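Colleague: Here's my sequence, what's the structure:
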Amino acid sequence: MTQAEGLYIGLISGTSADGIDAALVRFGPDESVAMVASHAHPWPEALRSRLIALGQGGPLNSLEEYGSLDVQVGEQFADAALTLLRAANVAPSDVRAIGSHGQTIRHRPYGAAGDGKFPFTLQIGDPNLIAERTGITTVSDFRRRDVAAGGHGAPLLPALHRALLHSTDENRVVLNLGGIANITLLPASGDVRGFDTGPANALMDAWCHQHTGQTYDAGGAWGASGEVNDALLARLLYDPWFAAPPPKSSGREQFHLEWVKSHLLESLKPQDVQATLLALTVRTVVDAIQTTQPDTARLLVCGGGVQNANLMSALQTAMKDTKVESTALHGLDPDQVEAMGFAWLARQTLLGLPGNLPSVSGAKGLRVLGTVAVG
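Modeller: Alright, predicted model coming up:
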């Protein structure tokens, strides 16, 4: 068996920080990719709350806090991997590598002041601890090499989307509805492109939690009970970020509750704001697709937003000439596509192969991504 074959683990906690997704993936000799097992690992609530606050631009209290959080997040990622292996009855020695995304606490590809100076992206979750606890070689820090090469370090999964979901018969788009929404353009022929389109679950989840106490709007039912406020939607869409051309990426530090509240010029029912936030996601996704690939035949959706029936229905209504469907219909669990992607990226790193696409991120060229902690 070559290094290109065998079992790999992908670990990620996305912008929503709603849990750690862990995927055990088998790569075959014919470049086949198969999900073996998956696990959704919950965050301790106090740690999750702190990570969300940092992701929204909140300050670190001290360097000591940063070091402690790096270890705490690493411990949770290691626990997620070990729980996955126990459930799958797989020994750590049978796994070639772990690809760990970590938890993003700041993403500033435009520079800290938005002036293009000193761009950076920062994920925490000590990979040395993961390698030590599991005994498995751990690849991490995937985004910073792309940023160093002039890119955004995001999105990172279009190369995987191309490998698994491209068709020579039709133009497709893969839409990831995570905390932030991003798209991968997969034309039947031609270059793959991709970029973030704006907020998705992060804003809706935060607003729902503040007003209902629930961590998310199950099925989109609460938002469906409200009405879209056109004036609020127009103010939200006026944000200059939406008019910026790709490549572009974003995070909670751009789209957070204070950003929403700054646009609330009149008293609205909370469920009307929720309905408007959903409409914002739909509008920005659809505008992005119509601007860049208007003849899209199929929109393949993954990420937690697939579970929001109201959101999926609104997307189909807005894109009446495009088939909107979950990646599950193509053999990919929509909740685990990103985790599978980081297993694939770890494999790319160990094979000495690039993991980025310059046509997506804006980097100066193809780069091998990540750093390696040997298990």
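Colleague: going forward, measure contacts and count neighbours with C-alpha atoms only.
Modeller: OK.
Colleague: I'd say residue 197 and residue 184 touch.
Modeller: No. Contact between residue 197 and residue 184 fails when scored by Cα atoms under 8 Å: they sit 10.5 Å apart.
Colleague: any weak-confidence spans in the stretch 151-300 of the chain?
Modeller: The stretch 151-300 of the chain contains no residues with pLDDT under 70.
Colleague: Repeat the analysis, applying 90 as the threshold.
Modeller: 163, 215, 251-254, 265 (pLDDT under 90).
Colleague: what ranges do the strands span in it?
Modeller: 172-177, 180-186, 193-199, 298-302 (DSSP state E, counting those that start in this stretch).
Colleague: With mean neighbour count and distance to residue 131 added, can I get the ones you listed in a markdown table?
Modeller: Listed next are the strands of the stretch 151-300 of the chain as a markdown table, based on neighbours: other Cα atoms under 10 Å; distance: least, Cα to Cα, whole Å:
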| stretch | mean neighbour count | distance to residue 131 |
| --- | --- | --- |
| strand 172-177 | 26 | 29 |
| strand 180-186 | 26 | 29 |
| strand 193-199 | 26 | 31 |
| strand 298-302 | 23 | 29 |
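Colleague: Turn those into TSV, including distance to residue 12.
Modeller: Output for these, formatted as TSV (distance: least, Cα to Cα, whole Å):
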stretch	distance to residue 12
strand 172-177	14
strand 180-186	14
strand 193-199	18
strand 298-302	14
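Colleague: so who does residue 349 touch?
Modeller: Going by Cα atoms under 8 Å, 6 or more residues apart in numbering, residue 349 touches 139, 355, 368, 369, 370.
Colleague: That one belongs to a helix, doesn't it?
Modeller: Yes. Counting by DSSP: H, G, I helix; E, B strand; the rest coil, residue 349 falls inside a helix.
Colleague: Next one: it from residue 19, what distance?
Modeller: Separation of residue 349 from residue 19 (Cα to Cα, to the nearest Å): 25 Å.
Colleague: go on, residue 173?
Modeller: 26 Å.
Colleague: can you map out the helices along the stretch 251-375 of the chain?
Modeller: Under the criterion DSSP state H, counting those that start in this stretch, helices of the stretch 251-375 of the chain are mapped to 257-261, 270-292, 309-318, 337-350, 358-361.
Colleague: same for the shortest one, what does it pack against?
Modeller: Think helix 358-361. strand 193-199 (3 or more Cα pairs under 8 Å, 6 or more residues apart in numbering; DSSP states H and E).
Colleague: Same question for the longest one.
Modeller: Applying 3+ Cα pairs under 8 Å, 6+ apart, one finds that helix 270-292 makes contact with strand 180-186, strand 193-199, helix 201-212, helix 221-224, helix 230-237, helix 309-318.
Colleague: wait, which of these is closest to residue 245?
Modeller: Of all the helices and strands packed on helix 270-292, strand 193-199 sits nearest to residue 245, with 9.5 Å by Cα to Cα.
Colleague: Give me the sheet partners of that closest one and which way each runs.
Modeller: Strand 193-199 sits in its sheet next to strand 180-186 (antiparallel), going by DSSP bridges.
Colleague: How is the protein divided into domains?
Modeller: Domains of the chain are assigned by automatic domain parsing as 6-152+337-373, 158-330.
Colleague: Out of these, which is the most enclosed?
Modeller: domain 6-152+337-373 (a mean of 20; mean count of other Cα atoms under 10 Å).
Colleague: how long is that domain end to end?
Modeller: Terminal-residue distance, domain 6-152+337-373 (Cα to Cα): 19 Å.
Colleague: just how off-centre is that domain within its chain?
Modeller: Relative to its parent chain, domain 6-152+337-373 has a centroid offset of 11 Å by Cα atoms, centre = their mean, to the nearest Å.
Colleague: swap in stretch 141-153?
Modeller: The answer for stretch 141-153 is 15 Å, by Cα atoms, centre = their mean.
Colleague: Can you give me the end-to-end span of it?
Modeller: End-to-end for stretch 141-153, by Cα to Cα: 10 Å.
Colleague: Need the residues that contact it.
Modeller: 100-102, 109, 119-123, 154, 156, 247-249, 356, 358, 361-365, 367-371.
Colleague: The same query, at a cut-off of 7 Å, please.
Modeller: Outside stretch 141-153, the residues within contact range by Cα atoms under 7 Å, 6 or more residues apart in numbering are 101, 109, 120-121, 123, 154, 248-249, 361-364, 367, 369-371.
Colleague: Can you flag which of the residues you listed belong to strands?
Modeller: Counting by DSSP state E, the part of the contacts of stretch 141-153 found in strands is 101, 120, 121, 123, 371.
Colleague: Would you reformat those residues as CSV and include distance to residue 226 and pLDDT?
Modeller: As requested, the ones in strands among the contacts of stretch 141-153 are exported to CSV (distance: Cα to Cα, whole Å; pLDDT from 0 to 100):
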residue, distance to residue 226, pLDDT
101, 36, 97
120, 39, 93
121, 36, 94
123, 36, 96
371, 47, 97
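Colleague: Show me what the longest helix along the chain is packed up against.
Modeller: If you go by DSSP state H, the chain has its longest helix at helix 63-88. In terms of contacts (3 or more Cα pairs under 7 Å, 6 or more residues apart in numbering; DSSP states H and E), helix 63-88 is packed against strand 20-27, strand 33-41, helix 127-134.
Colleague: mind putting these in a markdown table, distance to residue 241 and mean pLDDT included?
Modeller: Shown next, in a markdown table, are those (distance: least, Cα to Cα, whole Å; pLDDT from 0 to 100):
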| stretch | distance to residue 241 | mean pLDDT |
| --- | --- | --- |
| strand 20-27 | 28 | 96 |
| strand 33-41 | 32 | 94 |
| helix 127-134 | 33 | 98 |
